[in-house]
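*Asks:* What follows is a predicted structure for the sequence shown.
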Amino acid sequence: MLRAGMQSVLATIFPPQCISCGEPAADDFGLCPRCWAETPFITGLVCDRCGTPLPGEDEGRAEYCDDCMILARPWSRGRAALLYKDNGRRLVLALKHGDRLDLACPATGWLLRAAQPILRPAMLVAPVPLHWTRFFRRRFNQSAVLSAVLARAAGFDHCPDLLVRTRRTASQDGRDRDGRFANLASAIRPHPKRATRIAGRDLLLVDDVMTSGATLATAADACLGAGAASVSVVVLARVAKDA
């Protein structure tokens, strides 16, 4: 009773604020009504391989977008929580470049809700890795922050250094699809001391944003090459055509 009373007093003195704009919100780590309306959560029918929204109704069978029918995706299934536009883009950039690690808390719920249809028992969760030079400059890997909280919420094992970047790749910005895949070729490998954790396991790879899918494809290829039973992917935001 005393604790509940103290929480009520604190909520009166320090009411919850929107994680995006700072205006009053209904819950801690929540969005105000305006920001909620401006945040493009992905719902309804989606591509079963990359999570991009599709037209039509969800009839309980796997459907695929044009890209995933053309490209040989090495992973089995994929989902995304948000579209990378409007407030979805702002939130991702705040997490990635604005040191807004507090955003990992609400992102956990969004990721878990999006990933629910593709989760398998006893999955091993791992992030897409940063090269050590980028990690040193940024001080954290935003994908590892997301994968850690997601694994904890889902009750899965988590291995933050399951994969490593063997070379620093140039920025993907401005590259076409073929250029993005060529830029990432052979840039991700299993950590030499963690490869034994991959064999025979169902893996869930986590990243902040998917554009062409080149980074996730390189990471998934590395896991499958090390003997993973399957690889699925989930991202906080998806860059989608005509979105």
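*Replies:* Done, it's in.
*Asks:* When you work out contacts or count neighbours from here on, use the C-alpha atoms and nothing else.
*Replies:* Will do.
*Asks:* residue ranges with poor pLDDT in this structure?
*Replies:* For the chain, the stretches flagged by pLDDT under 70 are 1-14, 132, 135-136, 168-185, 242-243.
*Asks:* Break down it into its helices, ranges please.
*Replies:* 2-13, 33-38, 66-70, 86-97, 104-115, 132-138, 142-154, 177-184, 214-225 (DSSP state H).
*Asks:* Out of those helices, which gets nearest to residue 234?
*Replies:* Across those, residue 234 has its closest neighbour in helix 104-115 (6.3 Å, C-alpha to C-alpha).
*Asks:* With just CA atoms, put the closest one into PDB.
*Replies:* Listed next in PDB are the C-alpha coordinates belonging to helix 104-115 (Å, rounded to 0.1, in the frame of the first residue of the first chain):
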ATOM      1  CA  ALA A 104      14.800   0.400 -26.000                       C
ATOM      2  CA  CYS A 105      12.200   0.000 -23.400                       C
ATOM      3  CA  PRO A 106       9.100   0.800 -25.500                       C
ATOM      4  CA  ALA A 107      10.800  -0.700 -28.600                       C
ATOM      5  CA  THR A 108      10.900  -4.100 -26.700                       C
ATOM      6  CA  GLY A 109       7.100  -4.300 -26.800                       C
ATOM      7  CA  TRP A 110       6.900  -3.200 -30.400                       C
ATOM      8  CA  LEU A 111       9.500  -5.700 -31.500                       C
ATOM      9  CA  LEU A 112       8.000  -8.600 -29.500                       C
ATOM     10  CA  ARG A 113       4.600  -7.900 -30.900                       C
ATOM     11  CA  ALA A 114       5.900  -7.800 -34.400                       C
ATOM     12  CA  ALA A 115       8.100 -10.900 -34.000                       C
END
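*Asks:* other SSEs contacting that helix?
*Replies:* Secondary-structure packing of helix 104-115 (3 or more C-alpha pairs under 8 Å, 6 or more residues apart in numbering; DSSP states H and E): strand 77-83, helix 142-154, strand 230-238.
*Asks:* Between helix 104-115 and the first one, find me the angle.
*Replies:* Meaning strand 77-83. Computed by axes from the mean of the first three to the mean of the last three C-alpha atoms, to 10 degrees, the angle separating strand 77-83 from helix 104-115 equals 130 degrees.
*Asks:* Packing partners of strand 77-83?
*Replies:* Under the contact criterion of 3+ C-alpha pairs under 8 Å, 6+ apart, strand 77-83 touches helix 104-115, strand 230-238.
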